[in-house]
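Student: Sequence first, then the predicted structure, then my questions.
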Amino acid sequence: MLIIGIAGGTGSGKTTVVSQIIEELKNEEVAVISQDSYYQDTSHLSLEDRVKINFDHPKSIDFDLLVSHLKELKSGNSIEEPVYSFTEHNRTGETVTIQPKKVIIVEGILILTHADIRDMFDIKIYVHADSDERLIRRLKRDINDRGRDLDEVLWRYQTTLKPMHQQFIEPTKEFADIIIPTNRYNNVAVDIVQTIIKDRLA
Ligand SMILES: Nc1ncnc2c1ncn2[C@@H]1O[C@H](COP(=O)(O)OP(=O)(O)O)[C@@H](O)[C@H]1O
Ligand SMILES: Nc1ccn([C@@H]2O[C@H](COP(=O)(O)O)[C@@H](O)[C@H]2O)c(=O)n1
């Protein structure tokens, strides 16, 4: 099994890069796990309180569950990945069954901050886009897809997202084996990663 970690700031294009990478892989060969599915269960809080959570701090992630799920997959067992709602700011209670595959891709802003998880990755990738580009993308995506408005995105950006990016996310670039610049669509980098995967699987 090849486990690949793809980190980078919000809006850097992690999900997009993952979709491009797996285009050439068969469904039975690859599974993708999103760190977003592993936000802590906050059912004990009201929606009003959940909105105020700092979702860009490592403490917001249930890393214990993510580590145990990666270990299960490595041992050849399936897992139940939680489903997360960005409108409820909580897990939905539903899960998706993930089977162990030849290639497991884990993507998320904070995945390289955790030493045990870093050690489980065979390849570590950091996707980099400039902060203004990421903010523009985040504004469009959160308003169109995640039920937010301009004020919410800018408030979160100023209060938590930007400082947490600088403190926790950007420094993990140093752990990366490959850094992909994504201010533009980067087909060359995607081709290189696909070639590395095919090479390792051969
Ligand atoms: N290289 C790119 N150029 C322009 N827009 C992009 C690029 N990569 C991603 N996007 C767009 O930016 C938004 C965020 O991308 P996404 O892949 O979801 O980022 P992340 O998973 O890092 O938060 C999406 O709407 C996506 O279509
Ligand atoms: N309830 C939540 C949970 C997370 N976020 C934001 O999501 C970002 C991480 O996801 P990406 O797909 O952009 O990598 C992170 O920056 C959190 O601020 C949220 O807004 N609401």
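Tutor: Sure, I can see it. Residues are numbered from 1 along each chain as shown. Ligands and ions are numbered 1, 2, ... in the order given.
Student: Neighbours of residue 88, how many?
Tutor: 13 (other Cβ atoms under 10 Å). Bear in mind the C-beta positions are built from the backbone N, C-alpha and C, glycine included.
Student: Then the one 10 residues further on?
Tutor: Under the neighbour criterion other Cβ under 10 Å, residue 98 is assigned a count of 18.
Student: where does this structure come near ligand 1, residue by residue?
Tutor: Residues of the chain lying close to ligand 1 (Cβ under 6 Å from any ligand atom) are 8, 10-16, 137, 141, 182, 184-185.
Student: Restricted to strands, list the residues you listed.
Tutor: In strands, defined here by DSSP state E, there are no members of the residues of the chain next to ligand 1.
Student: Check those one by one and keep those near ligand 2.
Tutor: The subset of those within reach of ligand 2, by Cβ under 6 Å from any ligand atom, is 10-11, 14.
Student: Select from those residues the one having the most neighbours.
Tutor: In those, the most neighbours by other Cβ under 10 Å go to residue 14, 26 neighbours.
Student: What's opposite the nearest residue to that residue once chain neighbours are set aside in the beta bridge?
Tutor: Leaving out its chain neighbours, the residue that sits closest to residue 14 by Cβ to Cβ, 6 or more residues apart in numbering is residue 107, at 4.6 Å. Here residue 107 sits in beta bridges with residue 6, residue 34, going by DSSP bridges.
Student: Next, count neighbours for residue 107.
Tutor: Residues within reach of residue 107, counting by other Cβ under 10 Å, total 21.
Student: distance of it from residue 152?
Tutor: Taking Cβ to Cβ, to the nearest Å as the measure, residue 107 falls 23 Å from residue 152.
Student: swap in residue 30?
Tutor: Relative to residue 152, and taking Cβ to Cβ, residue 30 is found at 34 Å.
Student: Looking at those two, which is more packed in?
Tutor: residue 30 (20 against 15).
Student: Find the nearest non-adjacent residue to that one, please.
Tutor: residue 103 (4.4 Å).
Student: and residue 24, what pLDDT?
Tutor: We have a pLDDT of 85 for residue 24.
Student: ok, now residue 201?
Tutor: Looking at residue 201, its pLDDT reads 84.
Student: And for residue 174?
Tutor: At residue 174, pLDDT is 98.
Student: Pretty sure it sits in a strand.
Tutor: No: assigned with DSSP: H, G, I helix; E, B strand; the rest coil, residue 174 falls outside any strand and is helix.
Student: Can stretch 67-84 be said to contact ligand 2?
Tutor: No: applying Cβ under 6 Å from any ligand atom, one finds stretch 67-84 out of contact with ligand 2, separated by at least 7.3 Å.
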